[in-house]
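In: Next come a sequence and a model predicted from it.
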Amino acid sequence: MPKMKTNKSVAKRFGRTGSGKIKRARAYCRHCLSQKTPDQKRRLRRDSKHVTGADAQRIARLAPYL
C-alpha cells in the first residue's frame, strides 16, 4: 500500500492535541489587524478551538499524519 499524501493547506491550518483531537485557530486574526481594537485582538489570541463531527473526520482524512 503506498503512503498517503498530506494536504499541505490543511496541515498548515490544523494541529493535533496530546489526546488526539484536532485543534484550529480562531478566524479574523490573520490580517487587517490595525482596524481591530486591542480587546478584540486579545480575545482572538485565546486558546485554540477543537474541530468536531464530520469536519474532524474530513481533516483527518486529508492529513493522515498530522
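Out: Sure, I can see it.
In: for the protein, which residue is closest to the average position?
Out: In the chain, the residue lying closest to the centroid (C-alpha atoms, centre = their mean) is Arg24, at 2.5 Å.
In: How much space separates that residue from Pro2?
Out: With the distance defined as C-beta to C-beta, to the nearest Å, Arg24 ends up 29 Å from Pro2. Where C-beta positions appear, they are placed from N, C-alpha and C, glycine not excepted.
In: Ala27 now?
Out: With C-beta to C-beta as the criterion, Ala27 and Pro2 are 35 Å apart.
In: of the two, who's got more company?
Out: Set Ala27 next to Pro2 and count neighbours by other C-beta atoms under 10 Å: Ala27 wins out with 8 against 4.
In: which outside residues touch the worst-scoring helix or strand of the chain on mean pLDDT?
Out: Here the helix or strand of the chain ranked lowest by mean pLDDT, DSSP states H and E is strand 49-50, holding a mean of 88. Identification of contacts with strand 49-50 by C-beta atoms under 8 Å, 6 or more residues apart in numbering yields 17, 21-26.
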